[in-house]
Structure formats: C-alpha cells, structure tokens
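A.B. asks: Give me coordinates for this.
(one chain, ligands or ions: 1)
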Amino acid sequence: MSKLETNYTEFSDPRVVALYDTLNPFGIDSEFFCKQAEKLSAKTIIDLGCGTGLLTHELAKRGHEMIGIEPSAAMLAAAQSKPNAEQITWIQGSFEKTDSLQVDMILMTSHVAQFFLEDNEWQEVLYAAYQALKPNGYLVFDIRRLTNPPFIGWPTEENRKKFENTNAGPVEWWFKLVHVENRRVRYELHYSFVQFGEEIVSMNELIFRTQDEITQALLDAGFKMETIYGNWDGSLVTSASPEMIFVASK
Ligand SMILES: C[S@@+](CC[C@H](N)C(=O)[O-])C[C@H]1O[C@@H](n2cnc3c(N)ncnc32)[C@H](O)[C@@H]1O
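C.D. replies: Numbering: from 1, shown residues only. Sure, this is the predicted structure:
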C-alpha cells in the first residue's frame, strides 16, 4: 500500500474511535442542528454518517424519531453502546440504505458530505436523499470552506492538542497537511498514546466543493434551496464565512 493512501483510521480503529467524543464533544454546531430539527418540525430524521451518534442520541432525547446510518462498524458500535440506544434505528451502510425510508429530515453533520469525493457519488447521495424525504422534507448539511492553507488553526506537531484524561491515558492529537489538489485535501491525523508510546495515523481526504457547485447539485437532484447559513450563530453565508450550512427542501 502506498504511504499516501487513505485509510480513515479515525473511523475504523477502535482505539481512536474510543476518543472520538472526547475530541469532538457536543458543541455549538450540534446545538445548531438540534435547533434546525425543532424549527423545521422534523418528526423523523435520518442522521447519515452518524458516527458515534452523539447528535443522534441528543435528538432522540429531544423527542425526534431517529435513524442513524453509518458505514463504519466501529463508529456504529460506539453509537449503539450508549444508553437508550434501543430507541434509535441503527443501520450499517451509507446513502444506499435510505431507499425504503421516508422521513421529514436528513442530516449530514460534521462535514460528512465532504467525504463523498467523486461527483457521481455525490449526485447519487443527493438523489437518494431526495427520494427518502417526504414532500416538504429537509436536507441539512455543513461544508467547511476551503482556506489557504486548509484547516487554519488546527493543532500541528509542534503545537499538539493534549487530552490528559482519556480512557487510554494522555493522548496528543495533531494534523499534518499532505497535499491539496483540485479542491481535494489529503491530510494526516496523528493520535499519540503517550502512556503506551504508540501513535496511530489516520490518512484522510476531503473534497471542498464550492457554494455554487453544491447549490447546482442540489437543484439538479430536485431540491429547492431554502437557506445557506455561514456560521453556527445562524448568520447567513458570505464569501468570508467559515462554514456553508445548506438547508434544502423537497
Ligand atoms: C467527522 S465524522 C462525523 C460523525 C457525526 N455525523 C458527527 O457529527 O459527529 C464523519 C462520519 O462520516 C462517515 N462517513 C464516511 N464516509 C461515509 C459515506 N460514504 N457514507 C456515510 N458516512 C460516511 C464516517 O464513518 C464518520 O462516522
């Protein structure tokens, strides 16, 4: 295997998956998605790429009927091991698993939409989402805007983020840019388990489609554009916004 091949270990290695909620706790982005679900009166929701299910569980707690879909067995197992998991429908897979479902809202949160690297796959995701929504249903997802360099402000090897008290003892975390090519960003995430002198590296790739490209793909799939937010405070998108949070309706 080439040293540069993606492995997305952050989602597959149980030692790293066990850290996910510590490194990515419930935050203002999660609260934003909860508010959208409430505001748009979504009774049934698919959380596509639900990961460890932090948001899925919170939405279930707030009274929404939740379906969590996730390709990674390790992430799904973490989601299913949380209290009250039996109140949620869990499905291993991706967008192809939505074909027998009809819901009020589909969420893709924490930049799940950027993992669909190929344009034909991305368009298939949007078509599948459209089919799985009831009339007047909503698709809501976030896309991080590409900066130069990407991921400004993320911890680097020289400036690691330290987590003292994880289940695996102290862990240091940082990112390293590998390359940027045609809006696709390849990067490493390093997890150093200090106590064991062990380091796990996740090689990831994300695509940063532009606002116009995403809008066009949504329209091509049949969606109507509702709102594009630019940040978690609910402000509308501008060319300087760090995020593009799309709300499209059927
Ligand atoms: C950054 S995590 C976000 C997890 C969760 N949505 C959250 O907000 O915490 C990205 C998730 O997308 C999932 N993912 C990656 N490729 C996917 C695909 N093709 N279809 C669905 N989910 C995918 C990963 O397994 C991972 O759980």
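
A.B. asks: now the longest helix that the chain contains, how far from the centre of its chain.
C.D. replies: Using DSSP state H, we find that the single longest helix of the chain is helix 119-132. Distance of helix 119-132 from its chain centroid, counting by C-alpha atoms, centre = their mean, to the nearest Å, is 16 Å.

A.B. asks: just checking, what packs against it?
C.D. replies: Helix 119-132 sits against strand 44-48, strand 103-108, strand 133-144, helix 211-220, with contacts defined as 3 or more C-beta pairs under 8 Å, 6 or more residues apart in numbering; DSSP states H and E. Every residue, glycine included, has its C-beta placed from N, CA and C.

A.B. asks: Among the ones you listed, single out whichever gets nearest to the ligand.
C.D. replies: Closest to the ligand of the helices and strands packed on helix 119-132 is strand 44-48 (C-beta to the nearest ligand atom; 5.7 Å).

A.B. asks: Quick check, residue 156 in contact with residue 173.
C.D. replies: No. Residue 156 is beyond contact range of residue 173, at 10.6 Å (criterion: C-beta atoms under 8 Å).

A.B. asks: Out of those two, name the residue with the larger neighbour count.
C.D. replies: Higher neighbour count among residue 156 and residue 173: residue 173, with 20 against 14, using other C-beta atoms under 10 Å.

A.B. asks: wait, what's in contact with the closest residue to the more buried one other than its chain neighbours?
C.D. replies: Nearest non-adjacent residue to residue 173, counting by C-beta to C-beta, 6 or more residues apart in numbering: residue 161, 4.9 Å away. Residues near residue 161 by C-beta atoms under 8 Å, 6 or more residues apart in numbering: 23, 155, 172-174.

A.B. asks: Please give me every residue in contact with the closest residue to residue 147 other than its chain neighbours.
C.D. replies: Nearest residue to residue 147, sequence neighbours excluded (C-beta to C-beta, 6+ apart): residue 242, at 8.0 Å. The contact partners of residue 242, by C-beta under 8 Å, 6+ apart, come to 144-145, 147, 230-231.

A.B. asks: Residue 239: which element?
C.D. replies: Residue 239 belongs to no helix or strand when assigned by DSSP states H and E.

A.B. asks: per-residue confidence averaged over stretch 83-90?
C.D. replies: Across stretch 83-90, pLDDT averages out at 98.

A.B. asks: these two touch, right, residue 235 and residue 243?
C.D. replies: No. Using C-beta under 8 Å, residue 235 makes no contact with residue 243, being 10.0 Å away.

A.B. asks: More neighbours: which of those two?
C.D. replies: Set side by side, residue 235 and residue 243 show more neighbours around residue 243, with 19 against 11, by other C-beta under 10 Å.

A.B. asks: any weak-confidence spans in the chain?
C.D. replies: For the chain, the stretches with pLDDT under 70 are 1-3.

A.B. asks: domains for it, by residue range?
C.D. replies: 22-146+209-249, 147-206 (automatic domain parsing).

A.B. asks: List the contacts of the nearest residue in space to residue 111 that is not next to it in sequence.
C.D. replies: If the residues on either side of it in the chain are set aside, residue 111 comes closest to residue 144, at 5.5 Å by C-beta to C-beta, 6+ apart. Residue 144 makes contacts with 111, 114, 206, 208, 242-243, as judged by C-beta under 8 Å, 6+ apart.

A.B. asks: For residue 144, give the beta-bridge partners.
C.D. replies: residue 243 (DSSP bridges).
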